[in-house]
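Participant: Have a look at this fold, sequence not included:
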């Protein structure tokens, strides 16, 4: 991925789309984007085979929107990140095939996870937020996303869509666990 991101970045520099000064930023963005596209392509193929593509779209929409604004574990190597993301996303999709909590339990546990995310966020993202202005922006987006997920959970509960509600619970739980792992990792690195 690193070489492909390098080639793409060099190409857009040669086309005078960006300056050489922006090379590192664009290369990082290209690499991250390519890695995410590959992960989503692999997961898409598996979920089409599992006949869970709609559920996959819901899970990744919730998972990635939360992860962008609340943080979570970041792994150093692409293959480790790809493998972990693949396992987490597909585990979330497989869990309801084995166990679907009662709809009220799913809603309550989803809200507990959302509350935990609110409480864990300052510690989980403290190393990645540069200034107060960025914190305010992220906090506003985070609140919108978490309120939207809480409302979506309530709507699914009202319409008795228990399987989809359990997917939201499993997704918010995965994000919580990811945040706790990032906090633990940061504390271990700082000691």
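Facilitator: Perfect, thanks for sending it. Note that the structure is a prediction, hence the values are computed from the model and not measured.

Participant: Which SSE is immediately downstream of the helix or strand hosting residue 29?
Facilitator: In the assignment (DSSP states H and E), residue 29 maps to helix 23-49. Per DSSP H and E, helix 23-49 leads on to helix 53-70 as the next helix or strand towards the C-terminus.

Participant: What helices and strands are in contact with the lengthiest helix in the chain?
Facilitator: Longest helix in the chain, counting residues (DSSP state H): helix 162-190. On a contact count with 3 or more CB pairs under 8 Å, 6 or more residues apart in numbering; DSSP states H and E, helix 162-190 meets helix 53-70, helix 78-98, helix 103-125, helix 132-158. Heads up, the C-betas are built off the backbone N, CA and C, glycines and all.

Participant: contacts for the first one?
Facilitator: In this structure, residues lying in contact with helix 53-70 by CB atoms under 8 Å, 6 or more residues apart in numbering are 40, 43-44, 47, 88-89, 92-93, 96, 117, 120-121, 124-125, 138, 141-142, 145-146, 149, 163-164, 167-168, 171-172, 174-175, 178-179.

Participant: just to revisit the earlier point, nearest to residue 189, out of the helices and strands packed on helix 162-190?
Facilitator: Residue 189 sits nearest to helix 103-125 of all the helices and strands packed on helix 162-190, at 13.6 Å, using CB to CB.

Participant: ok, now how distant is the one residue sitting closest to the centre of the chain from residue 178?
Facilitator: Centroid check for the chain by CA atoms, centre = their mean gives residue 64 as the closest residue, at 3.1 Å. Separation of residue 64 from residue 178 (CB to CB, to the nearest Å): 12 Å.

Participant: Over to residue 109?
Facilitator: Distance, residue 109 to residue 178, using CB to CB: 16 Å.

Participant: Check residue 189 too.
Facilitator: Separation of residue 189 from residue 178 (CB to CB): 16 Å.

Participant: Who has more neighbours out of those two?
Facilitator: residue 178 (23 against 8; other CB atoms under 10 Å).

Participant: check contacts around that one.
Facilitator: Contacts for residue 178 were tallied using CB under 8 Å, 6+ apart; they are 67, 72, 73, 88.

Participant: from these, which is closest to residue 184?
Facilitator: Nearest to residue 184 among these, counting by CB to CB, is residue 73 at 8.9 Å.

Participant: re earlier: what's the angle from the longest helix of the chain to helix 53-70?
Facilitator: 30 degrees (axes from the mean of the first three to the mean of the last three CA atoms, to 10 degrees).

Participant: residues in contact with stretch 37-44?
Facilitator: 1, 53, 56, 60, 81, 82, 85, 86, 89, 90.

Participant: Surely the last one is in contact with residue 45?
Facilitator: No: Residue 90 is not in contact with residue 45 according to CB atoms under 8 Å; the separation is 11.0 Å.

Participant: Looking at the two, which one has more neighbours?
Facilitator: Higher neighbour count among residue 90 and residue 45: residue 90, with 18 against 11, using other CB under 10 Å.
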